[in-house]
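Participant: any chance you could fold what I've pasted below:
(one chain, ligands or ions: 2)
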Amino acid sequence: MTAGSGQVYVVTGGCGFLGSHLVRMLLEHEKNISEIRVFDLHLDESLRTLSNDRVRVRLISGDISRLADVQEALHGSHLVIHTASLVDVWGRVPASKITEVNVTGTENVLQACKEEGVQYLVYTSSMEVVGPNIHGDHFYRGNEDTEYRIYHKEPYPLSKAKAEKLVLEANGIKIKGGKMLYTCSLRPTGIYGEGHELMKQFHRQGLRTGRCVFRALSPAIEHGRVYVGNVAWMHLLAARQLQIHPSTLGGQVYFCYDSSPYKSYEDFNMEFLSACGFKIIGSRPLVPYFLLYLLALLNVLLQWVLHGFITYAPILNPYTLAVASTTFTVQTDKAEKHFGYQPLYAWEEAKMRTITWVKSLEVSGKDLKDVDEKSNYCCS
Ligand SMILES: NC(=O)c1ccc[n+]([C@@H]2O[C@H](COP(=O)([O-])OP(=O)(O)OC[C@H]3O[C@@H](n4cnc5c(N)ncnc54)[C@H](O)[C@@H]3O)[C@@H](O)[C@H]2O)c1
Ligand SMILES: C[C@@H](CO)CCC[C@@H](C)[C@H]1CC[C@H]2[C@@H]3[C@H](O)C=C4C[C@@H](O)CC[C@]4(C)[C@H]3CC[C@]12C
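Facilitator: Ligands and ions are numbered 1, 2, ... in the order given. Below is the predicted model:
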């Protein structure tokens with residue numbers, strides 16, 4: 001197929017962690033595309049070089065919260081994968097900004113689909129539209145139909161839930177040209193893999209403490225994490241099958257999962273960090289929960305006091321502590337039944353790829369080397 005004769009996909013947030021994996025996945029595995037439009041606020045120029053004689057990768061700088069930008073990007077396209085979002089559970093950006101990007105941005109995508117006659121939309125939602133809730137109710141091996149007390153207070157999960165609702169409600173609406181819009185929503189659990197910003201932070205923190213990780217969370221609290229390559233793969237399959245079986249996938253939600261083992265957040269991180277010589281100290285939390293909670297509260301207080309001077313947004317706050325301390329694992333085959341999803345990467349391969357990347361941080365990062373040299377012997 002020569003450039004120009006295939007479909008045009010738009011990937012919003014295509015320069016982000018998931019987005020950039022998705023662009024590469026589409027290039028490698030989706031044969032009917034001739035153009036991928038990578039729409040993002042901050043462009044990653046390296047993606048441009050991925051163009052080949054079959055597919056053109058077009059970088060489009062734009063703001064999802066500006067309808068005109070979105071309309072222009074969607075003009076003449078066939079399908080949108082909407083991953084652009086502000087992912088913030090630390091209070092780094094004001095709640096109003098999160099709503100503007102995550103909710104208004106999604107309204108704009110829907111409006112643009114309608115006005116530009118784009119028939120298919122795959123939305124990247126999050127497990128957070130379900131939970132964990134602030135009551136600490138565990139979601140154990142749940143699926144899309146599992147009953148759960150859904151309660152949102154924090155701006156990020158609230159915005160994702162509102163956006164997902166809009167996306168699902170738009171399924172079946174008439175668009176320009178008289179055709180129908182078909183939408184579906186994928187809900188990844190915590191994503192990991194090459195480029196995961198939070199993993200970089202844990203790695204850097206571990207170097208500062210002499211490759212020691214001090215256990216703060218109970219190992220009995222399980223999280224089901226998912227490899228970024230499999231999240232991208234599931235998006236590709238959903239996009240493909242939404243066009244073939246719109247009445248099956250349209251208006252549906254799917255948890256996004258794979259065969260990664262259920263473990264506590266810290267123990268799961270150790271699957272990769274231990275390959276770099278990191279050790280976890282303690283088989284049980286080293287500090288009692290109430291002390292950790294007080295620390296989390298102190299962080300909120302400091303954030304409030306320092307507001308206007310610096311952005312103080314540490315990893316630990318009452319919300320992240322609640323999420324990390326509540327089991328959230330999914331066990332579902334809905335995506336397999338509806339569109340034949342099977343993880344592309346087995347756990348061993350996902351693990352190996354992530355370890356290779358984490359190790360590369362030490363080779364490339366001079367600052368990390370410095371940290372390492374200073375604290376090399378703390379944990380022996
Ligand atoms: N990281 C996770 O663990 C996780 C888990 C579940 C769901 N998700 C969802 O997956 C999607 C991708 O998340 P990610 O971890 O790759 O985040 P990310 O921050 O790496 O990527 C988001 C991208 O959106 C872009 N963006 C932000 N504001 C924008 C705006 N105003 N206009 C245009 N682009 C804008 C950013 O520049 C970034 O490239 C999000 O929708 C997120 O809610 C992430
Ligand atoms: C108390 C600390 C000791 O080491 C550990 C704190 C870990 C938390 C910062 C993270 C635990 C669970 C994470 C969330 C989860 O993986 C799913 C998410 C959904 C996604 O849509 C956005 C990111 C996140 C909320 C993710 C954020 C970080 C954690 C709360």
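
Participant: E164 falls within a helix, correct?
Facilitator: Yes - counting by DSSP: H, G, I helix; E, B strand; the rest coil, E164 is part of a helix.

Participant: list the contacts for the closest residue to it other than its chain neighbours?
Facilitator: Distance criterion C-beta to C-beta, 6 or more residues apart in numbering; nearest residue to E164, sequence neighbours excluded, is S125 at 4.5 Å. For every residue, glycine as well, the C-beta is placed using N, CA and C. S125 is in contact with K160, A163, E164, V167, S185, L186, R187, P188, V253, counting by C-beta atoms under 8 Å, 6 or more residues apart in numbering.

Participant: over to W90?
Facilitator: Per C-beta under 8 Å, 6+ apart, neighbours of W90: A313, P314, I315, N317, T320.

Participant: that one: helix or strand, and which one exactly?
Facilitator: For W90, there is no enclosing helix or strand under DSSP states H and E.

Participant: so which of the contacts of W90 are in helices?
Facilitator: Judged by DSSP state H, these include T320 as members of helices.

Participant: now do stretch 212-227, average pLDDT.
Facilitator: Stretch 212-227 carries an average pLDDT of 96.

Participant: do stretch 300-313 as well
Facilitator: Taken as a whole, stretch 300-313 carries a mean pLDDT of 94.

Participant: and the end-to-end length of it?
Facilitator: Stretch 300-313 has an end-to-end distance of 8 Å (C-alpha to C-alpha, to the nearest Å).

Participant: and what of stretch 142-152?
Facilitator: End-to-end distance for stretch 142-152: 19 Å, by C-alpha to C-alpha.

Participant: tell me which residues in that stretch are buried?
Facilitator: Neighbour-count burial for stretch 142-152, with 16 or more other C-beta atoms under 10 Å as criterion, is recorded at G142, H152.

Participant: what does that stretch rub up against?
Facilitator: With C-beta under 8 Å, 6+ apart as the criterion, stretch 142-152 contacts 129-131, 133-135, 137, 139, 158, 161, 253-255, 329-332, 334.

Participant: most neighbours, which of the contacts of W90?
Facilitator: For these, neighbours were counted using other C-beta atoms under 10 Å, and N317 has the most, 21 neighbours in all.

Participant: that one and H135, how far apart?
Facilitator: Distance of N317 to H135, computed by C-beta to C-beta, to the nearest Å: 17 Å.

Participant: for H235, same thing?
Facilitator: With C-beta to C-beta as the criterion, H235 and H135 are 31 Å apart.

Participant: same question, Q119
Facilitator: Distance of Q119 to H135, given as C-beta to C-beta: 40 Å.

Participant: please apply the same query to W357.
Facilitator: Distance, W357 to H135, by C-beta to C-beta: 36 Å.

Participant: now do D69
Facilitator: According to C-beta to C-beta, D69 stands 39 Å off from H135.

Participant: with neighbour numbers in mind, choose between these two.
Facilitator: Using other C-beta under 10 Å, the more surrounded residue of D69 and H135 is D69, with 19 against 10.

Participant: OK, contacts around the more buried one?
Facilitator: Counting by C-beta under 8 Å, 6+ apart, D69 touches F39, G62, D63.

Participant: closest to ligand 1 among the residues you listed?
Facilitator: Distance to ligand 1, by C-beta to the nearest ligand atom, is smallest for D63 among the contacts of D69, at 4.5 Å.

Participant: you'd agree that closest one is up against H42?
Facilitator: No - using C-beta atoms under 8 Å, D63 is not in contact with H42, being 10.5 Å away.

Participant: contacting residues around the closest residue to ligand 2 within the stretch 101-250 of the chain?
Facilitator: Ligand 2 sits closest to G190 of the stretch 101-250 of the chain, with a gap of 2.3 Å, by C-beta to the nearest ligand atom. By C-beta under 8 Å, 6+ apart, the residues touching G190 are M127, H223, G224, R225, V226, Y265.

Participant: mind checking how far the fourth one is from M270?
Facilitator: Okay, so that is R225. R225 is 12 Å from M270, by C-beta to C-beta.

Participant: many thanks, have a good one.
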